[in-house]
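Chemist: What would the 3D arrangement of this be:
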Amino acid sequence: MELKASEALPPGADTNYAVWKCLNRIRSGVGRAKATLAKWGYLNDGDVVCDCGIEPKTMQHLLICPLLEKPCTTSDLAEFNEKGQQCRRMSSPGGLEGNMTQLLLSRDRFTLAFIKNLIMVLIWLLLSYINGSLVATFFRHQTFYEDPRYILFIHMVINDSIQLTVTITLFLLSYIFYRINVSLCCFFILVAVFTTRNTPLNLACMAIERYIAICEPLRHTQICTVRRTYIVIGMIWFIGAAPDITDLFLTLATESMSFFHESVSCLRQNVFKDQILAQKRLAFDAIYFSCVFLTLVFTYLRIVFAARALSTDKMSAKRARKTILLHGAQLAMCMLSYISPSVEIVLSSIFPGRRREIRFANYLIVFILPRFLSPIIYGVRDKKFRKYLKMHSCRVNVKMIVAPANRHDE
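Modeler: The predicted structure is shown next:
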């Protein structure tokens, strides 16, 4: 960028020296960004990611960082207008690190922030009520907890409830505190990742159970026992947790203990910083989702062929086929969490003034919407479960009506 020679001082010259110095650093493109400090040897290469979590924090990235209200240009810096001033605040020493709460509040007006948080709390209450009703119905009737099919289902409901609670808690904390203790952040991230990974594995196991019930009906009771079902659930948690537990051990080995007493923006890349971990995670996820996807395709095709060959019980095969299709839709939604960052970047470049809305919509679609499918697949579609769920709902309603009447009679 070139500034024309003039006897008049350029915009920003009337500010204090610290502001003036920072402004000229970002105008020249040479400042104390994380990437520059790493290049000079003051930071590790794994510590250069911006707090937005998208890419390294360079002086060029500061002009287009999603944490800005609007992208900043070199003309904005030269004129030192509102965009230039906000960009200067982000590039100043301690800008993102020291004033993140202020920046966060400036991104969303109070009314908008209140509406978003209210929506999330209402969604959590609604899903907690639905899932709570499903869990209560399951444990009130012995016919369910002796059936592997419903055991796997209720495990997924409980797993999704935990995942929903943790992610919404992190969402609320991002508005209230933004920066939290690293140790607490580790706990939240690991639980969220474990439960997110468990869902596709649970879907694959449920599809296999339906495949055995339709294609091997005489051996179903021998293969799918209650004891084996609980062993499978233990294996689901082990497979889902093992990759990230190794990440935690590596972080404990490479980071000083003081790091776990610091406060950070609770993003995965801010806690597990090593680039090797990110590459390992990508490789594992590719293998992991490929196996689950192939399992669903295999079971679906086998059930289709079995339905054509069977002269009886075609209705059960048809229902099983539709159930696995819904599992596939749920898996596709789960996989969105791995491509959503790239989609968010593309949409933000197309609609630069709508970053906050894009991020919020992305969160609802990727993390919340799939959690509505579990109650639909079994709580509504399954005749047996729907029958007992209605009985439970009627019983609760009767108690709510009778209890006030009894108090009135007393």
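
Chemist: C-alpha from now on. contacts and neighbour counts both.
Modeler: Noted.

Chemist: mind giving me the domain split of the chain?
Modeler: 17-99, 108-395 (automatic domain parsing).

Chemist: how about low-confidence regions in the stretch 301-410 of the chain?
Modeler: 307, 310-320, 327, 334-335, 337-342, 352-353, 374-382, 392-410 (pLDDT under 70).

Chemist: how much space between the most centrally placed residue in the chain and Ser348?
Modeler: Nearest residue to the geometric centre of the chain (CA atoms, centre = their mean): Phe367, 5.1 Å. Distance of Phe367 to Ser348, given as CA to CA, to the nearest Å: 19 Å.

Chemist: Look up how far Gln330 lies from the residue nearest to the centre of the chain.
Modeler: 11 Å.

Chemist: next one: Asn81
Modeler: Counting by CA to CA - Asn81 and Gln330 are separated by 47 Å.

Chemist: More neighbours: these two, which one.
Modeler: Neighbour count, other CA atoms under 10 Å: between Asn81 and Gln330, Gln330 has more, with 20 against 15.

Chemist: State the helix or strand in which the more buried one lies.
Modeler: Using DSSP states H and E, Gln330 sits within helix 314-350.

Chemist: Can you give me the distance of the residue lying closest to Gln60 once chain neighbours are set aside to Lys83?
Modeler: Of all residues not flanking Gln60 in the chain, Gly29 sits nearest, at 7.0 Å (CA to CA, 6 or more residues apart in numbering). Using CA to CA, Gly29 is found at 16 Å from Lys83.

Chemist: Mind listing what's buried along the helix or strand encompassing Asp76?
Modeler: Counting by DSSP H and E, the secondary-structure element that holds Asp76 is helix 74-79. Neighbour-count burial for helix 74-79 flags 76-78 (criterion: 16 or more other CA atoms under 10 Å).

Chemist: Ile287: how many residues sit nearby?
Modeler: 11.

Chemist: So which residues of the stretch 101-250 of the chain form helices?
Modeler: Assigned by DSSP state H, counting those that start in this stretch, the helices in the stretch 101-250 of the chain fall at 110-140, 148-176, 182-215, 220-223, 226-254.

Chemist: can you tell which of those helices is closest to Phe360?
Modeler: Nearest to Phe360, of all these, is helix 110-140, at 8.1 Å by CA to CA.

Chemist: so what secondary structure elements neighbour that closest one?
Modeler: helix 148-176, helix 383-409 (3 or more CA pairs under 8 Å, 6 or more residues apart in numbering; DSSP states H and E).

Chemist: which residues of the stretch 151-300 of the chain score low on pLDDT?
Modeler: Checking the stretch 151-300 of the chain against pLDDT under 70 turns up nothing.

Chemist: how much space is there between the closest residue to Arg197 other than its chain neighbours and Tyr363?
Modeler: Nearest in space to Arg197, with sequence neighbours left out and distances taken as CA to CA, 6+ apart, is Gly240 at 5.3 Å. Distance of Gly240 to Tyr363, computed by CA to CA: 21 Å.

Chemist: more neighbours, the two?
Modeler: Neighbours per residue, other CA under 10 Å: of Gly240 and Tyr363, the larger number sits with Gly240, 21 against 17.

Chemist: Distance-wise, check that one relative to Asn159.
Modeler: Relative to Asn159, and taking CA to CA, Gly240 is found at 12 Å.

Chemist: what touches both of those two?
Modeler: Listed as contacting both Gly240 and Asn159 by CA atoms under 8 Å, 6 or more residues apart in numbering are 195, 198.

Chemist: Give me the three-state assignment for Val264.
Modeler: Look at Val264: counting by DSSP: H, G, I helix; E, B strand; the rest coil, its state is strand.

Chemist: Please tell me I have it right and it contacts Val182.
Modeler: Yes. If you go by CA atoms under 8 Å, Val264 and Val182 touch, sitting 6.3 Å apart.

Chemist: between those two, who's got more neighbours?
Modeler: For Val264 and Val182, the more surrounded residue by other CA under 10 Å is Val182, and the numbers stand at 21 against 18.

Chemist: I'd like to know the phi and psi angles of the nearest residue to that one once chain neighbours are set aside, please.
Modeler: Excluding the flanking residues, the one nearest Val182 by CA to CA, 6+ apart is Phe260, at 4.9 Å. Note on Phe260: its backbone torsions stand at phi -80, psi 0 [degrees, to the nearest 10].

Chemist: could you measure Phe260 against Leu172, distance?
Modeler: 22 Å.

Chemist: Show me which residues of the next helix or strand along the chain from the helix holding Gln330 are buried.
Modeler: On the C-terminal side of helix 314-350, the closest following helix or strand by DSSP H and E is helix 355-363. Neighbour-count burial for helix 355-363, counted by 16+ other CA under 10 Å, picks out 355-356, 358-359, 362-363.

Chemist: who touches whichever helix or strand comes after helix 355-363?
Modeler: Next along the chain after helix 355-363, taking DSSP H and E as the criterion, comes helix 370-374. Outside helix 370-374, the residues that touch it by CA under 8 Å, 6+ apart are 127, 153, 156-157, 160, 164, 330, 333-334.

Chemist: mind listing what Asp160 touches?
Modeler: Taking CA under 8 Å, 6+ apart, one finds 195-196, 199, 371 in contact with Asp160.

Chemist: 7 Å instead, please
Modeler: 195, 371 (CA atoms under 7 Å, 6 or more residues apart in numbering).

Chemist: roughly how far apart are it and Leu127?
Modeler: For Asp160, the distance to Leu127 - CA to CA - is 10 Å.

Chemist: before we move on, what about Ile115?
Modeler: 18 Å.

Chemist: Who has more neighbours out of those two?
Modeler: Between Ile115 and Leu127, counted using other CA under 10 Å, the more crowded position is Leu127 (20 against 11).

Chemist: Check what pLDDT that one gets.
Modeler: Note on Leu127: pLDDT of 87.

Chemist: what do you get for Tyr42?
Modeler: 60.

Chemist: Using PDB, write down the CA coordinates of the helix holding Asp76.
Modeler: Output in PDB follows, covering the C-alpha atoms of helix 74-79 (Å, rounded to 0.1, in the frame of the first residue of the first chain):
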ATOM      1  CA  THR A  74      -6.000  -1.300   2.900                       C
ATOM      2  CA  SER A  75      -8.100   1.800   2.100                       C
ATOM      3  CA  ASP A  76      -9.900   1.400   5.400                       C
ATOM      4  CA  LEU A  77      -6.500   1.400   7.200                       C
ATOM      5  CA  ALA A  78      -5.400   4.400   5.200                       C
ATOM      6  CA  GLU A  79      -8.500   6.300   6.100                       C
END
